[in-house]
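# quick one, what's the 3D model for this:
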Amino acid sequence: MVLAEELAKQQKSISVAEFFEKNKHLLGFDSPTRGIITTIKEAIDNALDACEESMVLPDILVIIRKTGSDTYSIAVEDNGPGIMPEQVPFVFGKLLYGSRFHQVRQSRGQQGIGISAAVLYAQLTSGTPAVVISRTGAKTKAHRFTLMIRTQTNEPEVLSHEEIDWALPHGTRIELEFASSMAAKKRLLEYLKYTSIVNPHARFRIEIDGEGTTFERVSGEVPPCPRSIKPHPHGIELGILKRMAAASDLPVEVFLQEEFSRVGKKTASEILALALIDGGVTASSLSPPDLKTLLATMQTVRIPAPPAQTCLSPIGEELLVEGLEKEFALDFVKARSRAPGVFSGHSFVVEAAIGYGGRLEAEGSAKILRFANRVPLLYQQGACAITQSIQSINWKGYGISQAGLPMGPVLILVHVASTNVPFTSESKDAVASIPEVEREIVLALQELGRDLKLFLSRRDRGRIAEDRARAVCAIIPDIASKVAEIVEAPVPDTSAIEGRIMRRVVVKRGLRGDHVSIRVDNHTAKPVELTLYDISADTGEGATIPPDFVSDLDGETTKCWRVALPPHESFLTEYPGSGGGSLSVQGIDESQMVLLNLDE
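Residues are numbered from 1 along each chain as shown. Next up is the predicted model:
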């Protein structure tokens, strides 16, 4: 009796903020290195969702500065619609506060934990409050808050609130400071790079201690924002059905039609007839046994899948290819979007892409890019259903060596878009093993594997012809130069002779004096469209034909030109530079092209 009383005195309730304060690893804050990536991820997810809901092209700025021996400040700023001042403290200072939890649609964040957990992690490691600036329109002033979370009550504590002038007409900015290290700098840049691939309509600018990097958008169109739908009968559970029925005064036949997706009058009548329930009684009057019978019957009746076109927003094959080409300058890239599927009443779409060559490493395992609802999954690769699906495929049958994962200069991208992505944990690092999802991943990759096999076989068949073409194109200018020297005449342009002999597209890159020269000659009888990726330490500034876009990464600059050439026409651009680097070409079959890097 005495012991029971003592134990009773020790028992007390805890808030959700207290729970996650002691179990921050569940949300992805398990180390200082990972904490900085998780914080930026959560802020960017919120920014992208907000911009897309307001149909604004996202322009996101990330600033990271060292403020102490082991502390860093992070600021993430977006041009979204902003947040109403009265909502700001709850959005950033209260866990499990959000607008998307009860909505059945694709979105990056749903539980309302992410960004408030970042605020909690910051105050836990540095004791510094979060600073939030928000502005909802050009005619109103911005509101600046400093706030913390009262962990005992899971309520926001506003330390200050003032109206200020701000340069942006609308948007949100959050500033946090916490203990961390920049050992994750490379991983952070990878995260932003991968995010830009699956969000091709967004521009990301990042400044780390004054050094800037930009990931440009490749699409000027905001993807359609998914619309919320009613829950599907096959995805409902008994507790949820009880709550929904208790809150409804509608007749049960109307209740089924009004509160569930894809249930019409005919389907509702069929469900009630099989369940032996009178459709005229109110839903709230159903007894627990009746509700249990109703649920069991709903699971057995054939009901169409949820309307995926309404509640999902896949990336699309074309934009996936453009995003990968922008960042990796691949020799081959193809994408596939599978038809919408359904698991446990939840709609999903699997998209996949395969790339080969370009800037990929020739040795080692393939580069695996995993995404869920347009968000990169950087951790727990081995525990993810995407990785397991990739390993289950016999890649040797597609001309790729394999040791568990495929090997060589191969990139495999898989994106799962769903109204409820089945993650393995709250940190959203890996997709759980759902047979329906795994099947679609495998089928998509097998389709792409056949495309890759065809590309590799064509490349192998054309190697002998390409070697001959290179020899001819390399020796003719030397012959012309020697002949011109003997007869004491100017050196003639030999490109027309090369064309008549080879009847191909000849691409040359070389150093002429202090300028890098890139020339394309279309010696075929058909127009060609191709994309040139020039990768070197040179910036490309001052080019006679400026590149269509430029991106910087790891001390190298990728210059891209999109070229359309009629038959027997040429393209030439030059820019000041020291040479070096390499040129790759997309958009044309290798058997129809000769590529010469003359300064190698």
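
# what about the helices in the stretch 401-550 of the chain?
Remark: helices assigned in the stretch 401-550 of the chain by DSSP state H, counting those that start in this stretch are 435-461, 463-486, 495-502.

# again with the stretch 201-350 of the chain
Along the stretch 201-350 of the chain, counting by DSSP H, counting those that start in this stretch, helices occupy 238-246, 252-259, 265-275, 288-300, 308-311, 317-328.

# residue 87: which of those is closest?
helix 308-311 (24.6 Å; C-beta to C-beta). To be clear about C-beta, it is placed using only N, CA and C from the backbone, and glycine gets the same treatment.

# ok, and what's touching the closest one?
With contacts defined as C-beta atoms under 8 Å, 6 or more residues apart in numbering, helix 308-311 is touched by 104-106, 226-229, 340, 342, 347-349, 419.

# mind redoing it with 7 Å?
With C-beta atoms under 7 Å, 6 or more residues apart in numbering as the test, helix 308-311 has contacts from 104-106, 226-229, 340, 347, 349, 419.

# next: stretch 374-391.
Outside stretch 374-391, the residues touching it (C-beta under 7 Å, 6+ apart) are 37, 45, 108, 187, 191, 194-195, 198-199, 315, 368, 370-371, 404-405, 412, 414, 424, 429-434, 437-438, 441-442, 445.

# adding distance to residue 220, pLDDT and neighbour count, write the contacts of helix 308-311 out as TSV.
Shown next, in TSV, are the contacts of helix 308-311 (distance: C-beta to C-beta, whole Å; pLDDT from 0 to 100; neighbours: other C-beta atoms under 10 Å):
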residue	distance to residue 220	pLDDT	neighbour count
104	30	74	22
105	24	77	19
106	22	78	28
226	20	80	24
227	23	82	15
228	27	79	14
229	28	82	20
340	26	87	20
347	28	86	28
349	23	91	21
419	27	86	26
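
# write the PyMOL selection for whichever of the contacts of stretch 374-391 are buried.
In PyMOL syntax, the buried subset of these is picked out as below (16 or more other C-beta atoms under 10 Å):
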select buried, resi 37+45+108+191+194+195+198+199+315+368+370+371+405+412+414+429+430+431+434+437+438+441+442+445
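
# out of the contacts of stretch 374-391, which sit inside strands?
Using DSSP state E to define strands, the subset of the contacts of stretch 374-391 located there is 368, 370-371, 405, 412, 414.

# pull the most distant pair out of these.
Greatest spatial distance among those (C-beta to C-beta): 371 and 405, at 17.3 Å.

# neighbours of the closest residue to residue 252 other than its chain neighbours, how many?
Among residues not flanking residue 252 along the chain, residue 283 sits closest, at 4.8 Å (C-beta to C-beta, 6 or more residues apart in numbering). Neighbour count for residue 283, taken as other C-beta atoms under 10 Å: 24.

# contacting residues for residue 283?
Counting by C-beta under 7 Å, 6+ apart, residue 283 makes contact with 245, 248, 250, 252, 255.

# if we use 8 Å, what do you get?
Contacts for residue 283 were tallied using C-beta under 8 Å, 6+ apart; they are 244-245, 248-252, 255.

# which one of those sits closest to residue 479?
Checking those against residue 479 with C-beta to C-beta, the nearest one is residue 244 at 83.6 Å.

# hmm, that closest one is touching residue 259, no?
Yes. With contacts counted by C-beta atoms under 8 Å, residue 244 reaches residue 259, the gap being 5.9 Å.

# for the stretch 51-200 of the chain, which spans come out with low pLDDT?
97-102, 109-113, 182 (pLDDT under 70).

# show me where it has strands.
Applying DSSP state E, counting those that start in this stretch to the stretch 51-200 of the chain gives strands spanning 59-66, 71-78, 130-135, 142-150, 155-164, 171-179.

# how about these in a markdown table, adding distance to residue 214 and mean neighbour count?
Below are the strands of the stretch 51-200 of the chain laid out as a markdown table (distance: least, C-beta to C-beta, whole Å; neighbours: other C-beta atoms under 10 Å):
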| stretch | distance to residue 214 | mean neighbour count |
| --- | --- | --- |
| strand 59-66 | 10 | 19 |
| strand 71-78 | 14 | 21 |
| strand 130-135 | 22 | 23 |
| strand 142-150 | 25 | 20 |
| strand 155-164 | 27 | 14 |
| strand 171-179 | 18 | 23 |
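
# could you dump those strands to JSON lines with distance to residue 570?
JSON lines is the format used below for the strands of the stretch 51-200 of the chain (distance: least, C-beta to C-beta, whole Å):
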{"stretch": "strand 59-66", "distance to residue 570": "37"}
{"stretch": "strand 71-78", "distance to residue 570": "44"}
{"stretch": "strand 130-135", "distance to residue 570": "51"}
{"stretch": "strand 142-150", "distance to residue 570": "53"}
{"stretch": "strand 155-164", "distance to residue 570": "56"}
{"stretch": "strand 171-179", "distance to residue 570": "46"}
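
# which one of the ones you listed lies closest to residue 220?
strand 59-66 (12.3 Å).

# could you check the angle strand 171-179 makes with that closest one?
Taking axes from the mean of the first three to the mean of the last three C-alpha atoms, to 10 degrees, one finds that strand 59-66 is oriented at 20 degrees with respect to strand 171-179.

# I'd like to know which elements strand 59-66 is packed against.
Of the remaining helices and strands, those touching strand 59-66 by 3 or more C-beta pairs under 8 Å, 6 or more residues apart in numbering; DSSP states H and E are helix 32-53, strand 71-78, strand 203-208.

# so for residue 162, which of these sits nearest?
Minimum separation from residue 162 across these (C-beta to C-beta) falls at strand 71-78, 18.0 Å.

# how near is the spatially closest residue to residue 323 that is not a sequence neighbour to residue 364?
Excluding the flanking residues, the one nearest residue 323 by C-beta to C-beta, 6+ apart is residue 197, at 3.8 Å. Distance of residue 197 to residue 364, given as C-beta to C-beta, to the nearest Å: 21 Å.

# neighbour count for those two, which is higher?
When neighbours are counted by other C-beta under 10 Å, residue 197 comes out ahead of the other of residue 197 and residue 364, with 26 against 12.

# tell me who's in contact with that one.
Neighbouring residues of residue 197 by C-beta under 8 Å, 6+ apart: 320, 323-324, 326-327, 369, 413.

# adding distance to residue 493, write the contacts of helix 308-311 out as TSV.
Output for these, formatted as TSV (distance: C-beta to C-beta, whole Å):
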residue	distance to residue 493
104	65
105	60
106	56
226	56
227	60
228	64
229	64
340	56
347	60
349	52
419	61
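
# closest one of the residues you listed to residue 70?
residue 106 (38.2 Å).

# so for this protein, the centremost residue is which one?
residue 198 (3.3 Å; C-alpha atoms, centre = their mean).

# pretty sure that one sits against residue 326.
No. With contact defined as C-beta under 8 Å, residue 198 does not reach residue 326; the gap is 12.0 Å.

# re earlier: most neighbours among the contacts of residue 197, please name it.
That'd be residue 323 among the contacts of residue 197, by other C-beta under 10 Å, with 28 neighbours.

# from residue 157, how far off is it?
To residue 157, residue 323 is 41 Å away according to C-beta to C-beta.

# then residue 274?
54 Å.

# and residue 540, by the same measure?
Distance from residue 540 to residue 157, by C-beta to C-beta: 51 Å.
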